[in-house]
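Chemist: What would the 3D arrangement of this be:
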Amino acid sequence: MLDSRYRFPLLAVLLASAAAAQPQPGSERKLRQRTITLPAKADEAAIRVARGALTTLTFDSALAAKGVQLEGRETHFERVDEDQRLVSFKPRVDLAPGERLLLTVRFGDGAAPQEATFELVAADEAVDASVEVVRRARSAEALQAELRELKAKYEALQDRSGEGGPEGMVLSGWLTQDIRARRFDARVAANNASGLKVEYGVGYRTGKWALVEVRLRSLPGTRRWALGEVKLTSARGAPVKVLSVHMDRPQLSPGEEGLLLVRTEAPWWERDEELLLELKDREGGRPLPLSGVVF
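Modeler: Okay, here's the model as predicted:
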């Protein structure tokens, strides 16, 4: 019979040993290394993470200053480290099934791709402990092959539409007799801090499509502005589906002008109804809401 003086200390030692033998968070999963080559498909860009396991991404190109955006930084991670060519993080919680956090990085040299987005997802059997991200420039041969492909597509479109210009628009059904063009004066709030001025706006519509044309000018002394998000709503607040957005230059430097074209679904709103066109820059900090837009 064990003396009662030694029962409880021995029990405490046994319990402590059993607790130490329990697997720690993430320890039952394998740690793996892999490589992602940009641009990557969505499934290839998924990073599998787990609570307590450190994941490190290394890049072959330097990242831009403040070029790392990580969703849930304050709530989901106990540690996040950034360097010119490295991002590492350790989750403090496991992600729920189906939960995804976005990690976006911007590169500092201006070459393509300028940024990359990764989805952090819950690990199953393995944790991505080390991920090498390769941002490989395309070869001249690959660019020539892409150019030949685009030229072939353009020639095929020309064959289907007869000729380019207005003739092709008529033959393709884009230019119809019910087309209507109307110039409008977009209204911008006096305290808007986007640094942009609207030179003019024109709305075009037919029964099949609608298009808004806006010429923007970046004011002197402001920062460069690059288009990010475009949103269009009716006077009643109903969303209008945007089918395509085109701007004739990637960004506006102080004093520069640019032409913005926004094509929408077939118009269902009234002819003289004023719509709201909301533009956001790529960083989301300098929005430009334009009211009084008429198609």
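
Chemist: which residues touch Asp128?
Modeler: Contacts for Asp128 (C-beta atoms under 8 Å, 6 or more residues apart in numbering) come out as 32, 34, 47-49, 55. The way it works is simple: take the backbone N, C-alpha and C, and place the C-beta from them, glycine included.

Chemist: Could you single out the nearest of these to Val262?
Modeler: Val262 has its nearest neighbour among the contacts of Asp128 in Ile47, at 34.2 Å by C-beta to C-beta.

Chemist: The closest one looks like it's in a strand, true?
Modeler: Yes: counting by DSSP: H, G, I helix; E, B strand; the rest coil, Ile47 falls inside a strand.

Chemist: What helix or strand is Thr75 located in?
Modeler: For Thr75, the host element (DSSP states H and E) is helix 73-76.

Chemist: Residues contacting that helix, please?
Modeler: Against helix 73-76 from outside (C-beta under 8 Å, 6+ apart): 80, 91-93, 95, 101.

Chemist: Among those residues, name the buried ones.
Modeler: 80, 91, 95, 101 (16 or more other C-beta atoms under 10 Å).

Chemist: Among the residues you listed, list the two that are farthest apart in space.
Modeler: Farthest pair in the buried ones among the contacts of helix 73-76 (C-beta to C-beta) is Val80 and Leu95. Separation: 15.4 Å.

Chemist: Just the C-alphas of the helix holding Thr75, formatted as PDB.
Modeler: Output of helix 73-76 as PDB, limited to C-alpha atoms (Å, rounded to 0.1, in the frame of the first residue of the first chain):
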ATOM      1  CA  ARG A  73      -4.300  40.300 -38.700                       C
ATOM      2  CA  GLU A  74      -5.500  41.400 -35.200                       C
ATOM      3  CA  THR A  75      -8.000  38.700 -34.500                       C
ATOM      4  CA  HIS A  76      -6.600  35.500 -36.000                       C
END
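
Chemist: how distant is it from the center of its chain?
Modeler: Relative to the centre of its chain, helix 73-76 is centred 20 Å away, using C-alpha atoms, centre = their mean, to the nearest Å.

Chemist: In that helix, which residues are buried?
Modeler: Under the neighbour-count criterion of 16+ other C-beta under 10 Å, helix 73-76 has His76 buried.

Chemist: Give me the packing partners of the helix or strand following that helix, helices and strands only.
Modeler: Counting by DSSP H and E, the next helix or strand C-terminal to helix 73-76 is strand 77-83. Under the contact definition 3 or more C-beta pairs under 8 Å, 6 or more residues apart in numbering; DSSP states H and E, strand 77-83 sits against strand 63-70, strand 86-91.

Chemist: what comes up buried for the first one?
Modeler: Just to be clear, that refers to strand 63-70. Those would be 63-64, 67-68, 70, for strand 63-70 by 16+ other C-beta under 10 Å.

Chemist: Stretch 233-247 now?
Modeler: Buried residues in stretch 233-247 (16+ other C-beta under 10 Å): 240, 242, 247.

Chemist: Same check on stretch 105-113?
Modeler: Buried residues in stretch 105-113 (16+ other C-beta under 10 Å): 105-107.

Chemist: Break down this protein into its helices, ranges please.
Modeler: Applying DSSP state H to the chain gives helices spanning 4-21, 73-76, 140-161, 165-172.

Chemist: mean pLDDT lowest for which of those?
Modeler: Among those, helix 4-21 has the lowest mean pLDDT, at a mean of 39.

Chemist: where does the stretch 101-250 of the chain dip in pLDDT?
Modeler: The model of the stretch 101-250 of the chain has pLDDT under 70 over residues 136-143, 145-146, 150-151, 153-172.

Chemist: hmm, 50 instead?
Modeler: For the stretch 101-250 of the chain, residues meeting the criterion pLDDT under 50 lie at 161.

Chemist: least reliable of the helices and strands packed on strand 77-83 going by mean pLDDT?
Modeler: strand 63-70 (a mean of 91).

Chemist: orientation of that one relative to strand 77-83 in degrees?
Modeler: 170 degrees (axes from the mean of the first three to the mean of the last three C-alpha atoms, to 10 degrees).
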